[in-house]
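Q: attaching a predicted model along with its sequence, questions to come.
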Amino acid sequence: MNTKQRGRARAYIQHTPRRTGNKQQTTDNCMAIKTKLTEATGIRIPVVQGGMMWVGRAELASAVSNAGGLGILTALTQPTPEDLRKEIRRCRTMTDKPFGVNLTLLPALIPPDYPAYCKVIIEEGIKIVETAGNNPGPVIKTLKGSGIFIIHKCTAIRHALSAQKLGVDMLSIDGFECAGHPGEDDVTGLILLAIAARKLKVPYIASGGFGDGRGLAAALALGAQGINMGSRFMATAEAPIHPNIKQSIVKADERSTALLLRSYRNTTRMYKNEVAKEVVSRENQGVKFEGVRELVAGARGKRVYEEGDDNAGVWTMGQVAGLIDDVPTCQVLLERIEREAEEIIAGNAKMLVGSGGKAKL
Ligand SMILES: Cc1cc2nc3c(=O)[nH]c(=O)nc-3n(C[C@H](O)[C@H](O)[C@H](O)COP(=O)(O)O)c2cc1C
């Protein structure tokens, strides 16, 4: 491999100091991955912890940020905007690193008081917001007006293009594999990201199905500036959910999810338990939403995380469960992802050789 090829292959690896615990290593073989995401947000590892209802609290967001990623508080987990204010302040006592807030725009008959949540986010000096959901225009306009960096998460390229027009700073492209709402198109991340590379002008990160360094390296190869993970962060020491549920994720595999609420065009990927199977069965019988409302109630899902009974209600988890087999701290997880990704990128670079090699056969 000549010097130019090597330089090109390692374009996104820069020699910058890596922090391990409190010690700063500055040896020459110590590298870090530098992307538009790390540069714009001031994080060290290009990994974001996506918004997670009931899970995205200060314990997890601060742990992710302290470990070098971008932790995110989930605004609507807090019952009122004033509770969000308290949670932001609590998170600040737990980390001095950057963290963001997720604001999810739900299709609801009585929507949450979004202007009030935005006001708190602005007043509390939050610099990064992950938006997701329907009709994000007004919220994006308000937050952008205060100079906030917006990462808008979506599951379709047409929605990404609309958000680009609205002036978002970064997109988070969430594939069909993801936990939560994969949308109605059923297009996997591999395709969405490759199309994003061709069509989007705004930088993007890859979301859905990521849990290790191989995934991070693949996302960078697909033109992403980093990855967004949800399920993987649920199974960490600091995630504020019952340990039983972390073990349920460890035991689950890539086939342990089910798609619910498809018949109401609100498809949600959930952990496949008895409640989820009952919802799907009723949907197949053509029941109206009223007929499943009680089964999918948010309060029951909250009980799952609090009491540790994985069959108490429906709760979301992605196909990435097939890659999750331990419950590390966020620090251990992110160091592992970083190291694996660096090794893979450096190893792949060795595939670039001068032409004229002879086949062995
Ligand atoms: C328990 C849980 C709750 C979630 N809640 C939200 C939410 O409230 N808002 C949102 O935008 N995304 C939510 N998500 C989606 C994540 O932010 C992220 O996009 C998704 O988990 C990525 O897929 P992965 O689980 O394969 O990493 C949730 C995911 C999980 C696992």
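A: Received, thanks. Residues are numbered from 1 along each chain as shown.
Q: do you know the pLDDT at the residue of the stretch 251-361 of the chain found nearest the ligand?
A: In the stretch 251-361 of the chain, the residue that lies nearest the ligand is residue 318 (2.9 Å; C-beta to the nearest ligand atom). Glycine gets a C-beta too; all of them are placed from N, C-alpha and C. Listed pLDDT for residue 318 reads 98.
Q: distance check, whichever residue of the stretch 1-150 of the chain sits closest to the ligand against residue 95.
A: Going by C-beta to the nearest ligand atom, the ligand is nearest to residue 50 of the stretch 1-150 of the chain, at 2.4 Å. Distance, residue 50 to residue 95, using C-beta to C-beta, to the nearest Å: 18 Å.
Q: with neighbour numbers in mind, choose between those two.
A: residue 50 (29 against 17; other C-beta atoms under 10 Å).
Q: and the residue in the stretch 201-350 of the chain that the ligand sits nearest to, what is it in contact with?
A: Residue nearest to the ligand within the stretch 201-350 of the chain (C-beta to the nearest ligand atom): residue 230, separated by 2.0 Å. With contact set as C-beta atoms under 8 Å, 6 or more residues apart in numbering, residue 230 has these partners: 49, 50, 52, 178, 179, 180, 207, 316, 318.
Q: swap in residue 121?
A: By C-beta under 8 Å, 6+ apart, the neighbours of residue 121 are 75, 84, 88, 101, 103, 129, 143, 148.
Q: touching, the last one and residue 125? I think so.
A: No - proximity of residue 148 to residue 125 does not meet the contact threshold set by C-beta atoms under 8 Å, at 9.7 Å.
Q: the more surrounded of these two?
A: Comparing residue 148 with residue 125 by neighbour count (other C-beta under 10 Å), the higher total belongs to residue 148, at 21 against 10.
Q: would you map the strands across the stretch 151-300 of the chain?
A: Using DSSP state E, counting those that start in this stretch, the strands found in the stretch 151-300 of the chain span residues 170-174, 204-207, 227-229, 257-260, 268-271.
Q: in CSV, list those strands along with mean neighbour count, mean pLDDT and distance to residue 360.
A: Converted to CSV, the strands of the stretch 151-300 of the chain look like this (neighbours: other C-beta atoms under 10 Å; pLDDT from 0 to 100; distance: least, C-beta to C-beta, whole Å):
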stretch, mean neighbour count, mean pLDDT, distance to residue 360
strand 170-174, 27, 98, 40
strand 204-207, 31, 98, 36
strand 227-229, 31, 99, 36
strand 257-260, 20, 98, 43
strand 268-271, 24, 98, 45
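Q: what residues does the stretch 101-250 of the chain have near the ligand?
A: 102, 104, 132, 153, 174, 177-180, 207-210, 228-232, 234 (C-beta under 6 Å from any ligand atom).
Q: what number of residues lie near residue 311?
A: For residue 311, the neighbour count with other C-beta under 10 Å is 13.
Q: next one: it, what pLDDT does it get?
A: 97.
Q: now swap in residue 202 and tell me
A: 98.
Q: quick one: residues contacting it.
A: By C-beta under 8 Å, 6+ apart, the neighbours of residue 202 are 163, 164, 168, 169, 170, 171.
Q: for residue 129, same thing?
A: 100, 101, 102, 103, 121, 143, 148, 149, 150, 151.
Q: and the second one, what helix or strand is that in?
A: Secondary structure assignment for residue 101, by DSSP states H and E: strand 99-105.
Q: can you mark which positions in that strand are buried?
A: Residues of strand 99-105 classed as buried: 99, 100, 101, 102, 103, 104, 105 (neighbour count, 16 or more other C-beta atoms under 10 Å).
Q: quick one: mean pLDDT over stretch 136-154.
A: For stretch 136-154, mean pLDDT rounds to 97.
Q: that stretch: end-to-end distance?
A: This stretch, stretch 136-154, spans 11 Å end to end (C-alpha to C-alpha, to the nearest Å).
Q: what separates that stretch from the chain centre, distance-wise?
A: 17 Å (C-alpha atoms, centre = their mean, to the nearest Å).
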